[in-house]
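*Asks:* Attaching a predicted model along with its sequence, questions to come.
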Amino acid sequence: MLAEIGIFFTYLAILFTAIPLLSLCYSKLQQFYKPAIICSAICVLAAFITLIYAFIVSDFSLKLVFTHSHTQKPLIYKITATWGNHEGSMLLLCLVVALFNILISSNRRASIVQSFISLLFLVYLVALSNPFASTPFTPAQGTGFNPILQDIGLAMHPPLLYIGYIGFSAVFSMAVAILWRGEFSQAAVKQAHKYCLIAWGFLTLGIGLGSWWAYRELGWGGYWFWDPVENAALMPWLSGTALLHSIIVAKNRGIFKKWLVLLAILTFVLSLLGLFLVRSGILTSVHSFASAPGRGLAILVIISAISLPALFLYGLRANKLQSNTGYKLASAEGMLSINNMLLMVACAVVLVGTLYPLGLDAITGEQITVGAPYFNLIFTPLASLLLIACGIGSLAKWNQDKKLLKSLLWPLIAGVLACLFFTNLQGQYIALTFALGFAFACIILIKNTRNKLPMVIAHIGLLVMVIGIFTSSVYEQQNQQQMQIKQQIKFAGFDIKFTGIKEYAATNYAVREAQFNIFKGNTELGNLKPQMRYYPIEDKKTTEAANLVYNLGDIYFTLGRKIDESTYVVRLYYKPLINLIWVGIIMMFIGGITGVFVRRYN
């Protein structure tokens, strides 16, 4: 019954989504395009709620529920299993596209473009990824759900990431509408600014939440591995950041028009590329948990159908978006142009490092891995230069700023003093650029707090995150050793006592849990309880790390294999200031979303 209800609402959504497109041919339908957009979104929402309900009640007559759930799963993971697979996640994507279509429905041209995107994905859904496909008979029990996805981080990560990814579709649609009309509209740019802030903010939070999940769940002690799927989310974030700054320049100075439109197209194309990499099955990744190799070509066709007409239209109409004025390098817009260039170079570095192994494998059959050494070597100095450009740009004013060099004097002095403080960082060029970026960012607070609060929050959040990344990376301490119960060791200035092992059964898994008491001198800071879990339904083991926050850093343990009845392998990490990464990401999200609602900022 639920299968029929779900597919009914999906087909109805296709019908309503087609109306705005048909209004191009039949003018009488133009008066119905807004109601049709709302009805389409309601139908997709109804289909999505139907799928969630099917997971909640364990309706194993649906193939998707049978292959991704079990009656013993906690309710939260039954719900999150809805989008923890290819079909369900594509339905979620269709829902986000439809909801953003409502937001931009006042712009008819943009709404028609958004409806075209929505229609492509809805047709793909029913043709190749039907979440309401039925089983030949109703099994008594399901096969379970990937244990590493049974985490609160994955309860929120995909929806937030999709709002970020697909939020850029609204900006894309508005950019194509500008090209379609052949006229640059300041009202459209102001509206696009809001949607860009929403998309950028949620993409930032989604990426950060994914890193936090990997840090807690995968047990290797890190939060970013330059995995291709991680890179797939980073690329539109970098491009989207450049887009956001270009929109600000276009609003204030009426320039960067062509650049803005091109970035809007490229950012959404990069978002779709990320979808292809994750969902096509061409990658092997811990994050690529719902691969669908047979559908990769169809997704590629959708990407081509969306991007190629937009790029063709850009080639035809871009010259109509010429700016009437130029700009000087020693100005806010000049520094933002440098900022955009650095962001796009960084994006290109990630793109090449991600796609080169795939291209080489496809052409020659040779398999290579481009890993952290490549990305760190090139990305680190670019990130340092971005910090400097960020600081200078915050000091500069619109138009030519003749006093810019003079205004840099105190930041330069502060940077030199900060550099002396950071001289023991590994790599002196990193110390210098990091210190200068730190000094410039501090000036942001002094100069801009009164009238640019969202910008200040976001940029200081970036600084806080960078401090967390640098400090936790450079000063991290780690050790792996065998420990016996009741044994006490010293590690990173802490006294660690292994007090015992406890084994017990939880709702749907068995637990082996170690307990460690942590002391600093004579003061007990707390205890850590890392776990090894066994999920009998899926026949899989997972490692659950344990961390204790100390001075914004983490004492972080994982439990390894059992040597004998009293001896276990333990991995110990101390990561100073690592929690500043998550604090900074939350600040960036708050800054982005606050910018949507602060009237003066808009």
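*Replies:* Cool, the structure landed.
*Asks:* any chance you could map the helices in the stretch 351-500 of the chain?
*Replies:* In the stretch 351-500 of the chain, the segments counted as helices under DSSP state H, counting those that start in this stretch are 372-395, 404-407, 409-421, 428-448, 453-474.
*Asks:* ranking those helices by mean pLDDT, which is last?
*Replies:* Of all the helices of the stretch 351-500 of the chain, mean pLDDT reaches its minimum on helix 428-448 (a mean of 56).
*Asks:* What count of nearby residues applies to Glu230?
*Replies:* Counted with other Cβ atoms under 10 Å, the neighbours of Glu230 add up to 21. For the C-beta atoms, the positions are set from N, CA and C on the backbone; glycine is no exception.
*Asks:* and if you look at Leu75?
*Replies:* Neighbour count for Leu75, taken as other Cβ under 10 Å: 9.
*Asks:* got a pLDDT number for it?
*Replies:* 91.
*Asks:* can you check Thr364 too?
*Replies:* For Thr364, pLDDT reads 84.
*Asks:* what secondary structure does the nearest residue to Leu92 once chain neighbours are set aside sit in?
*Replies:* Nearest non-adjacent residue to Leu92, counting by Cβ to Cβ, 6 or more residues apart in numbering: Trp83, 4.8 Å away. Of the three states, Trp83 takes coil under DSSP: H, G, I helix; E, B strand; the rest coil.
*Asks:* measure Trp83 to Tyr509 for me?
*Replies:* As defined by Cβ to Cβ, to the nearest Å, Trp83 lies at a distance of 22 Å from Tyr509.
*Asks:* Which one of those two is surrounded by more residues?
*Replies:* Trp83 (28 against 20).
*Asks:* residues of stretch 123-134 that come out buried?
*Replies:* 124-125, 128-132, 134 (16 or more other Cβ atoms under 10 Å).
*Asks:* ok, of those, which one's closest to Thr594?
*Replies:* If you rank the buried residues of stretch 123-134 by distance to Thr594 using Cβ to Cβ, Leu125 comes first, at 34.6 Å.
*Asks:* wouldn't the closest one be in contact with Gly88 here?
*Replies:* No. Here Leu125 does not reach Gly88: they are 10.3 Å apart, not a contact under Cβ atoms under 8 Å.
*Asks:* what do these two both touch?
*Replies:* With contacts taken as Cβ atoms under 8 Å, 6 or more residues apart in numbering, Leu125 and Gly88 have Pro131 as neighbours in common.
*Asks:* Restricted to helices, list the buried residues of stretch 123-134.
*Replies:* Judged by DSSP state H, helices contain the following of the buried residues of stretch 123-134: 124-125, 128.
*Asks:* Let me have those in TSV, adding distance to Ala264 and pLDDT as columns.
*Replies:* Shown next, in TSV, are those (distance: Cβ to Cβ, whole Å; pLDDT from 0 to 100):
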residue	distance to Ala264	pLDDT
Tyr124	23	96
Leu125	25	96
Leu128	28	92
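*Asks:* Turn those residues into CSV, columns for distance to Gly468.
*Replies:* As requested, those are exported to CSV (distance: Cβ to Cβ, whole Å):
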residue, distance to Gly468
Tyr124, 40
Leu125, 39
Leu128, 42
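*Asks:* Settle this for me: Glu183 is touching Lys320, isn't it.
*Replies:* Yes. Counting by Cβ under 8 Å, Glu183 touches Lys320, with 7.2 Å between them.
*Asks:* Pull the number of nearby residues for Asn319.
*Replies:* When counting by other Cβ under 10 Å, one arrives at 9 neighbours for Asn319.
*Asks:* Residue ranges in the stretch 201-350 of the chain under the pLDDT threshold?
*Replies:* For the stretch 201-350 of the chain, the stretches with pLDDT under 70 are 281, 283-294, 324.
*Asks:* Leu321 contacts Lys258, doesn't it?
*Replies:* Yes. Using Cβ under 8 Å, Leu321 is in contact with Lys258, at 4.9 Å.
*Asks:* Next up, the contacts around the spatially most central residue of the chain.
*Replies:* For the chain, Ile207 is the residue whose C-alpha lies nearest the centre (Cα atoms, centre = their mean; 2.9 Å). Contacts for Ile207 (Cβ under 8 Å, 6+ apart) come out as 161, 164, 230, 233-234, 237, 585.
*Asks:* Quickly note the distance from it to Gly222.
*Replies:* 15 Å.
*Asks:* and what of Gly144?
*Replies:* 27 Å.
*Asks:* who's more crowded, the two?
*Replies:* Under the neighbour definition other Cβ under 10 Å, Gly144 and Gly222 were set side by side, and Gly144 has more, 21 against 16.
*Asks:* which SSE is the more buried one in?
*Replies:* Gly144 belongs to no helix or strand when assigned by DSSP states H and E.
*Asks:* And for the residue nearest to Met587 when sequence neighbours are not counted, the neighbour number?
*Replies:* The shortest distance from Met587 to any non-neighbouring residue, by Cβ to Cβ, 6+ apart, is to Gly461 (2.8 Å). Using other Cβ under 10 Å, Gly461 is surrounded by 22 other residues.
*Asks:* swap in Gly526?
*Replies:* Neighbour tally, Gly526, other Cβ under 10 Å: 12.
*Asks:* Pop the domain breakdown of this structure in here.
*Replies:* In terms of domains, the chain is parsed into 1-145, 477-575 (source: automatic domain parsing).
*Asks:* Of the ones you listed, which is nearest Glu366?
*Replies:* domain 1-145 (28.7 Å).
*Asks:* Just the terminal-to-terminal distance for the closest one.
*Replies:* This stretch, domain 1-145, spans 23 Å end to end (Cα to Cα, to the nearest Å).
*Asks:* Also stretch 61-72?
*Replies:* One end of stretch 61-72 to the other measures 17 Å (Cα to Cα).
*Asks:* Can you mark which positions in it are buried?
*Replies:* Buried-residue list, stretch 61-72, by 16+ other Cβ under 10 Å: 61-70.
*Asks:* JSON lines for the residues you listed, including pLDDT?
*Replies:* Shown next, in JSON lines, are those (pLDDT from 0 to 100):
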{"residue": "Ser61", "pLDDT": "94"}
{"residue": "Leu62", "pLDDT": "96"}
{"residue": "Lys63", "pLDDT": "95"}
{"residue": "Leu64", "pLDDT": "95"}
{"residue": "Val65", "pLDDT": "96"}
{"residue": "Phe66", "pLDDT": "95"}
{"residue": "Thr67", "pLDDT": "93"}
{"residue": "His68", "pLDDT": "92"}
{"residue": "Ser69", "pLDDT": "93"}
{"residue": "His70", "pLDDT": "90"}
